[in-house]
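Colleague: my questions are about this predicted structure, shown below with the sequence.
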Amino acid sequence: MPERIIYMDNNATTPIHPEVKKAMIDAIGVFGNPSSLHGPGREARQLVEAAREKVASFIGASPEEVMFVGSGSEANNTILNALTCQRMGCAYHREGLNKIVTTTIEHPCVLETSKCLQEKGVDVSYLDVDIHGKIDTEQLKEVTTDNTGLVSVMMANNEIGTIQDIKTIAEIVHQRGALFHTDAVQAVGKIPVIVQELGVDFLTLSGHKIYGPKGIGALYVRKGAPFCPLIRGGHQERGRRAGTENTLGIIGLGKAIEMRSQEMEAEEKRLLELKAALRKGIEQKIPDVKFIGHPTDCLPGTLNASFDGAEGEAIILYLDLEGISVSTGSACASGSLDPSHVILATGLPAECAHGSIRISLGRENTREEVEYMIDTLPLVIGKIRDMSTVYKRRQ
Amino acid sequence: MAQVNWTYTDKVKEHFMNPKNILMDEENYQEDGKGVAGNVKCGDEMLVVIKVDKKKAIITDCKWKTFGCASAIASTSALSEMVKGMKLDDAYNLSAKDINKELGGLPDHKIHCSVLGDKALRIAINDYYTRNGMEDKVKKEEERVVCKCMNVTDQEIEHAVLEGARTFYELQEMTKVGTGCGECQEEVTQLLETYKQKHFCQV
C-alpha cells in the first residue's frame, strides 16, 4: 500500500474522532450491565443515559424519545416492519393501514425491506426522483392515500448527497394522516437536523458516519407515536429493543455527537469550500465530466462525478494505487452486477452510473489532499480513456 | 497502516498497473482482423485487433481496447500477450478459463469479465477469415433453444451461470427455464454442470 492514505470515502464510513477514541479507551473497563442495580450496573447506566442525553439534545429531542440500536439498518428495518404487525393490541396495528410510501433512492435496507413487505401483502409505492435526486411533492400527495400507514423518505442521499425538503414532506404526510420516518444517517452531524422543526415521527441516525464507532445507531421515536419492537425479549430501551446495551458503542456515539455539536458548523463551511475547489479543479483539468446530484441542496462534503468512457471500478482501483480512497456506482464494483440504483433513478443512463465516482470529504481532509486529488485524477482518467473502446478524444 | 492484500492476484494487479498492447487512437493500426464484444450499458466492452502471418496461420500481433473494470483490463491485457505467436486454431479455442488461469484466478463474480476477451478474439479471427475469402473457416457460435416452452437458449443458460446461478432453481429464477412442461430439466442440469465446470472449476 502507498505510504500516505487520502481517505475521501466518508459517506461509507469515517475514521474515528481522536476524542471518541479516547472516551472509548477510558470506558473499556466499564463492564456492568446497565440493568443491574449494583454499583457496576449503575456506573454503566449512568454513562448510557449521559450519551442518550447528548444525542437527544443534538437533534432537539427529549432523552426518552431516543433509543439505541445496532445500526442505521436496524432502525430502518424496525420502523418498516412495525407497520405489518398483526398482533391485536399492538400500538402499531391499525386496521386498514396497509400501505407504505418510500422512494426509489433509499438505502438498500429500506428498499429490500419494502420488497419483502410487498411479498407479505403490503402495498408499497416508490416515489420517483428528478435528475437532481429530488422527489416530487405532487406525486407524494397523489400516492399518500387514506390507507397509507407510513411514509419513509431519506433526508440526504448517501451516493449523490441530495437533501430532501423533509419539513414540507412531513407536513404533507401528516395532512394525510400517515406517520413519517426519515433515514437521516447521512444528514445528522453534517447539516442541522432538529426533529421538532422537521416534524418527523421517526428518525434514524448512525455512529460510524460521524466519526463514532461501528455497530451503534439511534432511532428517534416521537413521544406518542406508535411503536412495535423488532427485537423482543427484554425490557431494555423501555421495552423497545431487547438485548443488553452496547455500552461502549453508546459511549462512543455520545462522544461523537458531542464533538459534532462543537465542530459541525465550522466544518460544514470548510467542506463546502473544499468541495468547490475540487469540483473546479476537476472541471478545469478533465473534459467530459458530469456532476450528479443537486447543485445546492447537497451534503457539504459529497461530490459525485461521472467520467465519459471510463469505468468506475478501474478509476477507484487506480486511485487506490495512488493512495486515494473513493467509491463508485459502477456495476463492476457492486458485487451484484447492477449499477447504482440511485443514479439510474435520476434518469441518467447506465453508462453514467458505470463511470461515476463518489468523493465524500470529511473532517480530516485538507486543502493539500484536495490538490493532490486534482493532480492525480486527470492522470487516472486519461490512462483509462486511452484504453477505452468508448471514449474518443476531442482533437 | 498494516500490510493489506490487494483486491485481486498479483498477476491481475501487474496487468492492471501496466497493461500491455493497448491500441492507441493515433497509431493508425493496420489490423487483419477485428472483433468487439460486450456493450457499454452492461459495463464491459472489449475490442481486439490482430495481425496474422497468412502463410503460417499464426497471430503475430494483438492489440486491444477495453471499457471495463480492473478484471476486464487485466484479462484483455493477458490475452493479448498469450495469443502472440499462437496458431489461429489454437487461439480460437482459448477459453475464459485459460485467461483466468493465466491471471492466477479471478473472483467468481468477476469471471464474466474475462469471458468477453476470448469472445472478441474469436470474432476478430472470424473477421480475418472473412476478409481473406476463407468464409468456410468461419466458425459460428449458434444458439440452440433448450427449453421450448419458455424459449430459453443454451447461451442464456451460460450467461445466467456467469451471472451467479449455481443450481437449477437459481437458473429457473433468472431465466424461467423449465418452468413450463419441465421436459428439459435433465438437459438443463447437464448444461449447468458443463458451464460451471467450464467457468468455475478450480484453476
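Modeller: Okay, I see it. The structure displayed is predicted, hence computed values, not measured ones. Numbers count the residues shown, from 1 in each chain, chains lettered A, B, ... in the order given.

Colleague: quick one: contacts for B:Leu171?
Modeller: Taking CB atoms under 8 Å, 6 or more residues apart in numbering or on different chains as the contact definition, B:Leu171 lies against B:157, B:160-161, B:165, B:177-178, B:188, B:192. Where C-beta positions appear, they are placed from N, C-alpha and C, glycine not excepted.

Colleague: correction: A:Gly41
Modeller: Contacts for A:Gly41 (CB under 8 Å, 6+ apart) come out as A:32-35.

Colleague: returning to that earlier point: among the contacts of B:Leu171, who's most crowded?
Modeller: For the contacts of B:Leu171, neighbours were counted using other CB atoms under 10 Å in any protein chain shown, and B:Val177 has the most, 28 neighbours in all.

Colleague: kindly report the domain assignment for the chain.
Modeller: Because you didn't say which chain, this covers chain A. Domain assignment of chain A by automatic domain parsing yields the ranges A:6-14+A:264-387, A:18-259.

Colleague: should've been chain B
Modeller: According to automatic domain parsing, the ranges for chain B are B:10-137, B:145-200.

Colleague: where does the stretch 251-395 of chain A dip in pLDDT?
Modeller: A:332-337, A:393-395 (pLDDT under 70).

Colleague: what residues does chain B put near chain A?
Modeller: B:1, B:3-4, B:7, B:16-17, B:19, B:22, B:24-25, B:36, B:40-47, B:65-73, B:109-110, B:112-113, B:163-164 (CB under 8 Å from any CB of the partner chain).

Colleague: can you give me the strands in chain A?
Modeller: With DSSP state E as the criterion, chain A has strands at A:6-7, A:66-69, A:99-103, A:123-127, A:148-152, A:179-183, A:202-206, A:217-221, A:289-292, A:302-307, A:324-325, A:327-328, A:356-360.

Colleague: quick one: the top helix by length along chain B to chain centroid distance?
Modeller: The longest helix of chain B (DSSP state H) is helix B:111-131. Its chain's average C-alpha position is 7 Å from that of helix B:111-131, according to CA atoms, centre = their mean, to the nearest Å.

Colleague: quick one: average confidence on that helix?
Modeller: On average, the pLDDT along helix B:111-131 is 88.

Colleague: and the helices in chain A?
Modeller: Using DSSP H, the helices of chain A run over A:18-27, A:39-59, A:72-82, A:108-119, A:137-143, A:166-175, A:195-198, A:236-239, A:247-285, A:312-321, A:341-345, A:350-354, A:367-387.

Colleague: how about those in CSV, adding distance to A:Val188?
Modeller: Shown next, in CSV, are those (distance: least, CB to CB, whole Å):
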stretch, distance to A:Val188
helix A:18-27, 15
helix A:39-59, 7
helix A:72-82, 10
helix A:108-119, 16
helix A:137-143, 22
helix A:166-175, 12
helix A:195-198, 10
helix A:236-239, 19
helix A:247-285, 8
helix A:312-321, 27
helix A:341-345, 20
helix A:350-354, 27
helix A:367-387, 25
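
Colleague: of all those helices, which lies closest to A:Ser306?
Modeller: Closest of the helices of chain A to A:Ser306 is helix A:350-354, at 4.7 Å (criterion: CB to CB).
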